[in-house]
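>>> how would this look folded up:
(2 chains)
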Amino acid sequence: MIPPGLPPGSRVRVRADWPEAAGPVHVRTPHYLRGRTGELVRHLGDFPNPEDLAFARPAPRLALYHVRFAQPPIWQQGQAGDDLLVEIFAPWLEPA
Amino acid sequence: MTIEITPDADLLAALRTLLDARGIASAAEIAERIALTDAATPARGAAMVARAWTDPDYRTLMLTDGAAAAEALGIPMRGAPPLGVLEDTAELHHLVVCTLCSCYPRAVLGYPPFWFKSAAYRARAVRDPRGLLAEWGTVLPEKMRLRVVDSTADYRWMVLPLRPAGTAEWDAERLAGIVRETDMIGVTLPAS
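Got it, this is the predicted structure:
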């Protein structure tokens, strides 16, 4: 988990974690970004953890960030400068 | 093992009865929410885009707080997720997708087009976005960068496209008439 207050522009990595393998889960972190490194764009707000909400468990609010990833090399498509902008919850991010 | 088939309508009625009985959502609240959802159309988003093209202060508000900008035009946002607005520029084009499911800014664009939820659109929008755009007839200028916005969590995203050339004399109402839902997802560009 990245610490609160990490400034925009910080390099962050999405955890290469696959909780799907251990049993039923509801995860809002796309497969194609697990293990990928991107750049923190901004803190979007704090929202109840969807991984708990989906199972009607008490859901603590988590920091949600917009994170930018360069398009090539993720899919080897597009032009230099193309990118992906994705919402990722703090526990899925680590400093890179 | 026997599998019981419950007719959809009976299952829905049972669910509604339980929601009401447990105080989660009354019949009136469900009816109100359905009416709100049905009333939303792309004309709402188009009115926001046209206003932003003609009113710099409104444009600033829309880019800062999409929900507040919608409410300023009388669009009900209560209970809707936060709305983010992505500003296209001469150097950057935005394309919106929800690869995980079908998140869509329904409050301002209405129900998503059927293909928005398709596995093909959701996969190709991130994997081969320029190829996807080409099939829509959308060709970006050579130097323009493409940003694919994957709507994965609590925000909903709409695009504020570039105002097309040849519309300098147009008022907001006429401008709103050329803005389509696909322009506000980013698969097409508005044309005069």
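>>> Which strand or helix spans A:Gly5?
For A:Gly5, there is no enclosing helix or strand under DSSP states H and E.
>>> what about it, distance to A:Pro19?
Using Cβ to Cβ, to the nearest Å, A:Gly5 is found at 27 Å from A:Pro19. C-beta: built from backbone N, CA, C; applies to glycine.
>>> okay, those two: which has more neighbours?
Using other Cβ atoms under 10 Å in any protein chain shown, the more surrounded residue of A:Gly5 and A:Pro19 is A:Pro19, with 13 against 7.
>>> any idea what sits nearest the more buried one, other than its immediate chain neighbours?
In this structure, A:Pro19 finds its nearest non-sequential neighbour in A:Val25, 4.7 Å apart by Cβ to Cβ, 6 or more residues apart in numbering or on different chains.
>>> Likewise for B:Gly45?
Distances taken as Cβ to Cβ, 6+ apart place B:Val108 nearest to B:Gly45, at 4.2 Å, with adjacent residues excluded.
>>> For the one you found, grab phi and psi.
Dihedral pair for B:Val108: phi -110, psi -10, per degrees, to the nearest 10.
>>> That one contacts B:Ala70, correct?
Yes. Using Cβ atoms under 8 Å, B:Val108 makes contact with B:Ala70 at a distance of 5.5 Å.
>>> Neighbour count: the two, which is higher?
Neighbour count, other Cβ under 10 Å: between B:Val108 and B:Ala70, B:Val108 has more, with 30 against 25.
>>> got the contact list for the helix or strand bottoming out on mean pLDDT in chain A?
Lowest on mean pLDDT, DSSP states H and E among the helices and strands of chain A sits helix A:71-74, with a mean of 89. The contact list for helix A:71-74 (Cβ atoms under 8 Å, 6 or more residues apart in numbering or on different chains) reads A:32-33, A:36, A:77-80, A:82-84, B:129, B:146, B:148.
>>> State the distance from the residue nearest to A:Pro19 to chain B.
Per Cβ to the nearest Cβ, to the nearest Å, A:Val25 is found 13 Å from chain B.
>>> now swap in A:Gly78 and tell me
From A:Gly78 to chain B the distance is 6 Å (Cβ to the nearest Cβ).
>>> circling back to that earlier point, buried only: go through the contacts of helix A:71-74 for me.
Buried members of those, scored by 16 or more other Cβ atoms under 10 Å in any protein chain shown, are A:Tyr32, A:Leu33, A:Arg36, A:Gln77, A:Gly78, A:Asp82, A:Asp83, A:Leu84, B:Pro129, B:Leu146, B:Val148.
>>> Tell me if I'm right that the fourth one and B:Pro129 touch.
Yes. Between A:Gln77 and B:Pro129 there is a contact at 7.4 Å, judged by Cβ under 8 Å.
>>> for chain A, longest strand please?
Longest strand of chain A, by residue count under DSSP state E: strand A:37-48.
>>> Just checking the distance from that one to the centre of its chain.
The chain centre lies 8 Å from the centre of strand A:37-48; the measure is Cα atoms, centre = their mean, to the nearest Å.
>>> mind listing what residue 69 touches?
Looking at chain A here, since you left the chain open. A:Leu33, A:Arg36, A:Thr37, A:Gly38, A:Glu39, A:Asp83, A:Leu84, A:Val86 are the contacts of A:Phe69 under Cβ under 8 Å, 6+ apart.
>>> actually chain B
By Cβ under 8 Å, 6+ apart, the neighbours of B:Ala69 are B:Met48, B:Ala52, B:Tyr58, B:Leu61, B:Met62, B:Leu83, B:Val85.
>>> quick one: the fourth one and B:Ala67 touch, right?
No. Proximity of B:Leu61 to B:Ala67 does not meet the contact threshold set by Cβ under 8 Å, at 10.3 Å.
>>> Can you tell me which of the contacts of B:Ala69 is closest to B:Val179?
Closest to B:Val179 out of the contacts of B:Ala69 is B:Met48 (9.0 Å), distances taken as Cβ to Cβ.
>>> Does the closest one lie in a helix or a strand, and which?
For B:Met48, the host element (DSSP H and E) is helix B:42-54.
>>> who touches that helix?
The contact list for helix B:42-54 (Cβ under 8 Å, 6+ apart) reads B:58-59, B:62, B:69-70, B:73, B:75, B:105, B:107-110, B:158, B:160-161, B:163, B:167, B:171-173, B:175-177, B:179-181, B:183-184.
>>> mind listing which of those residues are in helices?
By the criterion of DSSP state H, membership of the contacts of helix B:42-54 in helices covers B:Tyr58, B:Arg59, B:Met62, B:Ala69, B:Ala70, B:Ala107, B:Val108, B:Leu109, B:Ala172, B:Glu173, B:Leu175, B:Ala176.
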